[in-house]
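Q: Sharing a model that was predicted from the sequence below.
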Amino acid sequence: MIYPNINISASRTYPWIDFAKGFCISFVVLGHTAGWFERNFPTEEAPVWMIISEFFQSVRMPLFFMVSGLLAASKMGKPPSELWDKTIGLYIIYVLWTALYCVKLALPGGRDGHPYPSGFDLALTFIFPTNLWYIWALPVYVAVAYSLHRGLGRYRALGLLPAILLSILASDIASIASDITSPPLEPVHAEETLFNFLWFYLGISAKSLVFHAIQTATYSKLVAASFFFFATNSMFFFSEPSDKALVLPTIFGLWFALEVLGIMRYEGRIVQSLCFVGRSTLPIYVQHMFLLTGLTWLVNKTNLAETIYFSGAGMHFWGPLTLTLIVMTSCILSGTALRQIPGFRYLVVPVPNLLRPRTSTQLA
């Protein structure tokens, strides 16, 4: 059965959803933090966490988007006005944070010696998926998936075919968009955006299959999924074949992830902490790069790299882990504070539907 009537709007009913989101966003921040650590405190030691992060790139964001598709599936049968919080409301958050990013470029040292972008270039970074490409992509994914859902009706699963084609051709199509923006602006993340729509739409159109995989997970299936994932992903990672090959390890990687999520017991402090993080992904995602930029300024201003020993192997193993924990905690606390401040809460909460009449409950 495709597209069952499963209400997962309250993700705590299914703790694996929160855990998956928490794990994925933690891995995203860890990858960015490890890269930051290597740039600011260079060493001859192998960048362990950067290597691990790159190895799992074939499953990290696809799993995040597939779970996002699961959570958006309940909106597909509703009228267009019900899509506001996952489309326009979310896109407004992208616009607000992109505006802050443009302000950051105007600060001393914020452009790495590049001239400030022209008005036309600035407009492009609001239109295309650049700085916070995930926040740009999600509203577009929802709108496209909704159109396919309505247009194809009970044959909505056929929408996977063009999504597969887009995913396979993502790198070729993205090469056309490679020169749309230039430094100091972020590049257009066309490849990531095109590649990940497949996994988002899979979460919507094959929701029953995902739940079935979770509910029937076994250790024997986990062993099989692990073998196929690590075999295909290693082939991609070490031999660097065409980017088109990334689809195959991602399929096996998602199977591997679902088996893990299905057999896990959602108890213990670490697991519960990741579930909590999974319920705070938006403030972490939109703020963590800004915080790392601020830390870069602090390191340069204080000459920290020259006064403290950072080049040891232990430091480059534990340093990114510790900094990731600090960054995510700071983002969660900041996000909680922003929600309480009128006029600022919409930096981390989608703007409510401005076209819908407000009810007495909303006015209270």
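A: That came through, no problem.
Q: which regions of the stretch 251-364 of the chain sit below the pLDDT cut-off?
A: Where the stretch 251-364 of the chain drops to pLDDT under 70, the residues are 305-314, 355-364.
Q: all helices for it, in order.
A: Listed in chain order, the helices of the stretch 251-364 of the chain (DSSP state H, counting those that start in this stretch) span 269-278, 281-302, 304-307, 313-339, 360-363.
Q: need those in a markdown table with mean neighbour count and distance to Ile180, can you?
A: In this view, the C-beta of every residue, glycine as well, is placed from N, C-alpha and C. Converted to a markdown table, these look like this (neighbours: other CB atoms under 10 Å; distance: least, CB to CB, whole Å):
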| stretch | mean neighbour count | distance to Ile180 |
| --- | --- | --- |
| helix 269-278 | 16 | 33 |
| helix 281-302 | 17 | 20 |
| helix 304-307 | 11 | 34 |
| helix 313-339 | 16 | 29 |
| helix 360-363 | 7 | 40 |
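Q: Can you add distance to Lys104 and give those helices back as a markdown table?
A: Below are the helices of the stretch 251-364 of the chain laid out as a markdown table (distance: least, CB to CB, whole Å):
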| stretch | distance to Lys104 |
| --- | --- |
| helix 269-278 | 25 |
| helix 281-302 | 7 |
| helix 304-307 | 21 |
| helix 313-339 | 16 |
| helix 360-363 | 34 |
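Q: between these, which gets nearest to Ala143?
A: helix 281-302 (18.6 Å; CB to CB).
Q: The strand or helix carrying Phe64: how far from the chain's middle?
A: Using DSSP states H and E, Phe64 maps to helix 57-72. With CA atoms, centre = their mean, to the nearest Å as the basis, helix 57-72 stands 8 Å off its chain's centre.
Q: Which neighbouring elements make contact with that helix?
A: Helices and strands touching helix 57-72, by 3 or more CB pairs under 8 Å, 6 or more residues apart in numbering; DSSP states H and E, are helix 15-40, helix 133-152, helix 190-205, helix 207-215, helix 219-239, helix 247-263.
Q: other SSEs contacting whatever helix or strand comes next after the first one?
A: Think helix 15-40. Counting by DSSP H and E, the next helix or strand C-terminal to helix 15-40 is helix 48-55. Helix 48-55 makes packing contacts with helix 15-40, helix 219-239, helix 313-339 when contacts are defined by 3+ CB pairs under 8 Å, 6+ apart.
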